[in-house]
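Peer 1: Need a 3D model of the following:
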Amino acid sequence: MKKQLLTALTAVMLLLIPTLNFAQAPPLGTAAGFVLFSTNGAVSNSGISQLTGNVGTNIGSSTNFGNVNGVMHDQDGVSGQCATDLLKAYDSLNVAIPTFFPSSALGGNTLIAGVYAISGAATLNGVLTLDANNISSAVFIFQISGPLSTNANSKIKLINGALACNVFWKVEGLVSMASGTSMKGTVIANNAAINMNTGDTLEGRALSTAGAVSVDGVLAYTPIGCGSPIHMGPIAPVLNSTACYALFTSTGELTNIGITHITGDIGTNNGLTTGYNPLLIIGTIHPTDGSTAQCKTDLDTLYKYLNTLPSDIELLYPAQFGRSLVLTPHTYIMKAAVTFTDTLYLNAEGSSNAIFVIQVNGAFETSTFSKVKLINGTQAKNVFWKIDGAVHISNNSVFNGSIVSQGAIKLDTGVVFNGSAYTVVGSLKTFEMSAFATSLPSNCLTVGLPTIDAANMTLTVTIYPNPFSASTTIMINDISQIKNCELRIYDILGSEVMNTKITKQLMTLNTNKLSSGIYYYKLISNNKIIQSGKLISQ
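Peer 2: Model (predicted):
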């Protein structure tokens, strides 16, 4: 009898566990789109912060922000609605019934889903692990009846399917994050300020019902999942014949100085093409012909499409473009000349077909060694730059995406250009660089390949892009080597990390498993090295 009672009691307890651990996410409404917000208080930045999500205040002002990957909303209809929605979210978190009562020192613990109540101030000291037990809908709510502070380099770690979009912090006091904190979840400070310091990372939101929100050199972004919008960007333009060209000008000279490698056709519809070595071009050097005439027509259509796309986000400081800014799939606009310094990250958020369009109403110039880096599935063929002015990509830059310009284009020494450069009007000049048409259909290459003297080809294969992230393309220049050679890739210690047989003229190599760093490759044919070089994984 006792055994039966124990079994029954155990069954009842097991049934109760999901109920005890159950927590429900509050409705965020328009607040879900904000990464930083105060209902009543100033929102300010110092240093260079990288922010994805809207920023604003309903009573006060937002100051000292550079380019934000979102929309600024100060004292407008959107901020008013956000204030209303934020109060509803706070009320929902405030009345949630606690299921756990942890100590005020949160570091060093592993917690399961539920509602956690702390009667006073709380501190994150070290690593707090949140375990969803492989339940993607698991919700974690922290009700803190006092201030919340974090120690330097403290961290929230999510495991077994836990998502930042399902983590919520309701704090009755100041939220202060020390330098190097890695925070996860939506933080709502009630009638108090939020301070984030240099090197802090927030995957979530920092929202105050009444208090200032201050950040200094942070990375903060709204979380993905839990019904958040999937950003795919605008509809991709139709390239038609422009897809065959790596370099093209409708009206102007096309000139080169030095050793330049091109994959794709090149040409001008009104001028001369000079200085290019046919042996270094995988494609056709077009005189003014039917192909260039058609390309001019298609380029006009391409420019018009990109120029008339409605923009989603205005980047307010064109002179501060780059500087490790992170953009997601949208149509962006900058309403003045652009100075691009250092690095730009394009984050497809895992959607390999996502489209990026950057509209520039003015000239465009980069610093030397500037980089456009593609992360989380972004492909160069899905990135488009519409520029109404002259374009200058400076020495040793790595540029991704196709440029459609209403002005002259200059690609300097050492530039690696993964995309196509088109100008509707103006000259196009290259100087000892490499360009790879990333939208190149295979039927375009068949036009150019017979003109190439394979016996005198400098490179048996061309590998692009290089540097690369998730993948790179192998192009066989010497078609006699198809199925006769293999590509071996080695790390800096000389260990072989990849080996692939070359089976067709154009191959895509998945490089997801290669960590960031420098690698070396050898192209082997009949047990002999016929080509070698350096590769860079980003």
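Peer 1: Please report the distance of G264 from P223.
Peer 2: Note on G264: its distance to P223, by CB to CB, to the nearest Å, is 39 Å. Bear in mind the C-beta positions are built from the backbone N, C-alpha and C, glycine included.
Peer 1: Also I188?
Peer 2: As for I188, its distance to P223 is 14 Å (criterion: CB to CB).
Peer 1: So for the two, which sits in the more crowded spot?
Peer 2: Each of I188 and P223 has its neighbours counted (other CB atoms under 10 Å); I188 has more, 27 against 21.
Peer 1: Quick one, grab the pLDDT at that one.
Peer 2: What the model reports for I188 is a pLDDT of 98.
Peer 1: what's the offset of the host helix or strand of it from the middle of its chain?
Peer 2: Using DSSP states H and E, I188 sits in strand 182-189. Remark: strand 182-189 is offset 22 Å from the chain centroid, using CA atoms, centre = their mean, to the nearest Å.
Peer 1: Give me the contacts around the helix or strand following it.
Peer 2: Per DSSP H and E, strand 182-189 leads on to strand 194-196 as the next helix or strand towards the C-terminus. Surrounding strand 194-196, the residues in contact under the criterion CB atoms under 8 Å, 6 or more residues apart in numbering are 174-177, 181, 187, 202, 206-208, 211-216, 218, 220.
Peer 1: Pull up the distance across stretch 391-410, start to finish.
Peer 2: Taking CA to CA, to the nearest Å, stretch 391-410 runs 6 Å from one end to the other.
Peer 1: in that stretch, what's buried?
Peer 2: By neighbour count on 16 or more other CB atoms under 10 Å, the buried set for stretch 391-410 is 391-395, 397-410.
Peer 1: same question, stretch 149-157
Peer 2: Buried-residue list, stretch 149-157, by 16+ other CB under 10 Å: 149-151, 154-156.
Peer 1: which residues sit in contact with the residue lying closest to F101 once chain neighbours are set aside?
Peer 2: Setting aside the residues directly before and after it, F101 is nearest to A117 in space (CB to CB, 6 or more residues apart in numbering), at 5.6 Å. Residues near A117 by CB under 8 Å, 6+ apart: 98, 100-101, 143, 145.
Peer 1: Can I take it that A117 is in a strand?
Peer 2: Yes. Secondary structure of A117 (DSSP: H, G, I helix; E, B strand; the rest coil): part of a strand.
Peer 1: That one and G107, how far apart?
Peer 2: Taking CB to CB, one finds A117 at 18 Å from G107.
Peer 1: What of N466?
Peer 2: Taking CB to CB as the measure, N466 falls 43 Å from G107.
Peer 1: For these two, indicate the residue with more neighbours.
Peer 2: Neighbours were counted for N466 and for G107 using other CB under 10 Å; N466 has more, 21 against 16.
Peer 1: Assumed that one was part of a helix.
Peer 2: No. Under three-state DSSP, N466 falls outside any helix and is assigned coil.
Peer 1: shouldn't it be in contact with T472?
Peer 2: Yes. N466 is within contact range of T472, at 6.4 Å (criterion: CB atoms under 8 Å).
Peer 1: Give the residues shared as contacts by those two.
Peer 2: Counting by CB under 8 Å, 6+ apart, the contacts common to N466 and T472 are L535.
Peer 1: L327 contacts E349, correct?
Peer 2: No. Assessed by CB under 8 Å, L327 is found out of contact with E349, at 10.8 Å.
Peer 1: ok, back up a step: what's the ChimeraX line that selects buried ones from the contacts of A117?
Peer 2: Command for ChimeraX that selects the buried part of the contacts of A117, burial taken from 16+ other CB under 10 Å:
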select :100,143
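Peer 1: Widest-spaced pair of the contacts of A117?
Peer 2: Of all pairs drawn from the contacts of A117, the widest gap by CB to CB lies between F100 and S145 and measures 14.5 Å.
Peer 1: pLDDT below threshold where in the chain?
Peer 2: Confidence mapping of the chain against pLDDT under 70 gives the ranges 1-22, 442-443, 445-459, 478-479, 492-493.
Peer 1: Tell me how it divides into domains.
Peer 2: Split into domains by automatic domain parsing, the chain comes to 23-221, 240-442, 454-537.
Peer 1: Break down this protein into its helices, ranges please.
Peer 2: Counting by DSSP state H, the chain has helices at residues 2-21, 77-94, 290-308, 442-448.
Peer 1: about what we covered before: between the buried residues of stretch 149-157, which is nearest D298?
Peer 2: Of those, the one sitting nearest to D298 (CB to CB) turns out to be I156, at 50.3 Å.
Peer 1: which residues does that closest one form a beta bridge with?
Peer 2: Note on I156: beta-bridge partners by DSSP bridges are L128.
Peer 1: which residues sit in contact with it?
Peer 2: Contacts of I156 (CB under 8 Å, 6+ apart): 124, 127-128, 130, 167, 182-185.
Peer 1: cutoff 10 Å now
Peer 2: Counting by CB atoms under 10 Å, 6 or more residues apart in numbering, I156 touches 106-107, 124, 127-130, 140, 150, 162, 164, 167, 169, 181-185, 201-204.
Peer 1: Roughly how far does it sit from I144?
Peer 2: 14 Å.
Peer 1: center of this structure - which residue?
Peer 2: Taking CA atoms, centre = their mean as the criterion, N347 is the residue nearest the geometric centre of the chain, at 1.5 Å.
Peer 1: Would you check how far apart that residue and V497 are?
Peer 2: In this view, N347 and V497 are 26 Å apart by CB to CB.
Peer 1: Likewise for G107?
Peer 2: In terms of CB to CB, G107 sits 37 Å off from V497.
Peer 1: Kindly report the same for A380.
Peer 2: For A380, the distance to V497 - CB to CB - is 23 Å.
Peer 1: can you check S516 too?
Peer 2: In terms of CB to CB, S516 sits 13 Å off from V497.
Peer 1: Looking at the two, which one has more neighbours?
Peer 2: V497 (15 against 9).
Peer 1: D388 against I358, yeah?
Peer 2: No. Applying CB atoms under 10 Å as the test, D388 and I358 come out as separate, 11.9 Å apart.
Peer 1: which of those two has more neighbours?
Peer 2: I358 (26 against 18).
Peer 1: can you pull up the bridge partners for the more buried one?
Peer 2: Taking DSSP bridges as the rule, I358 bridges to Y332, W385.
Peer 1: so who does Y519 touch?
Peer 2: By CB under 10 Å, 6+ apart, the contact set of Y519 is 466, 489-492, 497-498, 511, 533-537.
Peer 1: From I281, how far out is the residue nearest to it when sequence neighbours are not counted?
Peer 2: Distance criterion CB to CB, 6+ apart; nearest residue to Y519, sequence neighbours excluded, is L535 at 4.5 Å. Distance of L535 to I281, given as CB to CB: 22 Å.
Peer 1: same deal with Y245?
Peer 2: Applying CB to CB to Y245 and I281 gives a distance of 12 Å.
Peer 1: Which residues are in contact with each of the two?
Peer 2: In terms of CB under 10 Å, 6+ apart, Y245 and I281 are both contacted by the residues 262, 264-266.
Peer 1: of all those residues, which two lie farthest apart?
Peer 2: The distance between the two most remote of those (CB to CB) is 8.6 Å, for I262 and D265.
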